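**Student:** Fold the following for me, if possible:
(one chain, ligands or ions: 1)
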Amino acid sequence: MSDLKALSEAVIKGDINSARAETQKALDSGNSAQDILDNGLITAMDEVGRRFSKGLLFVPQMLRSAKTMQECMKLFESLFQEGDITSKGKVVIGTVKGDLHDIGKNLVSMMMEGAGFSIVDLGVDVSPERFVEKVHEIEPDIVAMSALLSTTMPSMRLTIEALKQAGVRGKVKVMIGGAPVTDKYAREIGADCYGPDAGSAVAKAKEILGVS
Ligand code: B1M
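**Tutor:** Coordinates of the predicted model:
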C-alpha cells in the first residue's frame, strides 16, 4: 500500500498531474478509495485551510488545491458504486446561498449516487427559493444542504422556513452537513438529520427513508 504523503503534498501544492499520478499509484497498490480520501485528499485540504488561516497561502492557491482534489476524485468515482441501480430515493442537493464550497457536497452526491439514490445537484449558492422551486418540480424524498461557512449556515434555517411557507416541509426530509454544521444546529433549525461526513450522510439518508 502506498504512503499517501506524496499525494497530500501534491494537493497542497495544487500540482494536478502529480496528484493524479499519486492517486492512481495508490489505487494500483491496493489503497481503498476511502483511505485515499481520508488520509490523502481530506488531510491535504485541512492543511490548506490551516495555512490559509495563518496567512501562509491565499484564495487562488486554495482554488488550485480544490481543483486538484476534484480531479483526483474523478479517478475513483466509480468505485463508490454499490451496483444497485434501483433508486433508493430522490435527493435534491446544493450548497446554500452565498457559499461557493462544493467539494464536500460533490463527495456526498457521489457517495449517495453510488449507494443507489437519484441525485439532482443544484450546485452552489442555492437560494431557499430555488430549493423550494425544485421540490415542487421533482418532488424529492430528501432536500440535502451543505454549508462550509459559519456565515452561510443561517441559509439552511431560511430554506427550512421557505419549505414550510410553501407547504412542502412535511413532504420531504431535510439533511444538512458541512464543516461548521453540528447535530445540535440541525435540531435547532428543525432539520431531520445531520451528516458529519459523506459516508454518514449515506447511512443517515437510508435511515430516515427506512431503506437498506
Ligand atoms: Co474556503 N473557507 N473560503 N475556499 N475553504 C474554509 C471553509 C475555511 C474553514 C478556511 C479557513 O479559514 N481555515 C474558512 C471558513 C471559516 C468559517 O466560516 N468557519 C473559509 C473561508 C473564510 C473562505 C472565504 C471567505 C475566503 C475569502 O474569500 N477570504 C471564501 C468564501 C467564498 C464563498 O463561499 N462565498 C472561500 C473560498 C474558498 C475557495 C473558493 C477558494 C475554495 C473552495 C473551492 C470549491 O469548493 N470548489 C475554498 C476551500 C478549498 C476551502 C478549504 C481549504 C477546504 C474545503 C474543502 O473542500 N474541504 C476550507 C478549509 C477546510 O475545510 N479545512 C475552507 C474538503 C471537503 C471534502 O470537506 O467540504 O468539509 P468538507 O466536506 C466534508 C464534511 O463537511 C461533510 O462531508 C465531507 C467529507 O466527507 N459534508 C456533508 C459536507 N457537506 C455535507 C452535506 C451533508 C452531509 C455531509 O448533507 C447534506
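**Student:** Would you map the helices across the protein?
**Tutor:** Secondary structure of the chain (DSSP state H): helices located at 5-13, 16-28, 33-36, 43-53, 59-74, 103-114, 128-138, 154-165, 183-189, 198-209.
**Student:** Can you name every helix or strand that the last one contacts?
**Tutor:** Packed against helix 198-209 by the contact rule (3 or more C-beta pairs under 8 Å, 6 or more residues apart in numbering; DSSP states H and E) you find helix 103-114, strand 142-146, strand 173-177, strand 193-195. Every C-beta, even on glycine, is put in place using the N, C-alpha and C of the backbone.
**Student:** Does that helix reach the ligand?
**Tutor:** Yes: with C-beta under 6 Å from any ligand atom as the measure, helix 198-209 is seen reaching the ligand through 198, 201.
**Student:** Name the surrounding residues that touch that helix.
**Tutor:** Residues outside helix 198-209 that contact it (C-beta atoms under 8 Å, 6 or more residues apart in numbering): 34, 88-89, 91, 104, 107-108, 110-112, 115, 117, 141-142, 144, 173, 175, 177, 192-195, 212.
**Student:** when you check the ligand, which of these turn up near it?
**Tutor:** 104, 107, 108, 144, 175, 177, 195.
**Student:** confidence score at the most centrally placed residue in the chain?
**Tutor:** By C-alpha atoms, centre = their mean, the chain has its centre lying nearest to residue 105, at 2.2 Å. Note on residue 105: pLDDT of 96.
**Student:** Against residue 7, how distant is the closest residue in space to it that isn't next to it in sequence?
**Tutor:** Among residues not flanking residue 105 along the chain, residue 146 sits closest, at 3.9 Å (C-beta to C-beta, 6 or more residues apart in numbering). Distance from residue 146 to residue 7, counting by C-beta to C-beta, to the nearest Å: 24 Å.
**Student:** Most tightly packed of the helices of the chain?
**Tutor:** Neighbour counts (mean count of other C-beta atoms under 10 Å) averaged over each of the helices of the chain peak at helix 103-114, with a mean of 23.
**Student:** That helix - contacts with which helices or strands?
**Tutor:** helix 59-74, strand 90-95, strand 118-121, strand 142-146, helix 198-209.
**Student:** if I pick residue 7, what's in contact with it?
**Tutor:** Contact analysis of residue 7 by C-beta under 8 Å, 6+ apart lists 19, 22, 23, 26, 36, 40, 41, 44, 72.
**Student:** Noted, bye for now.
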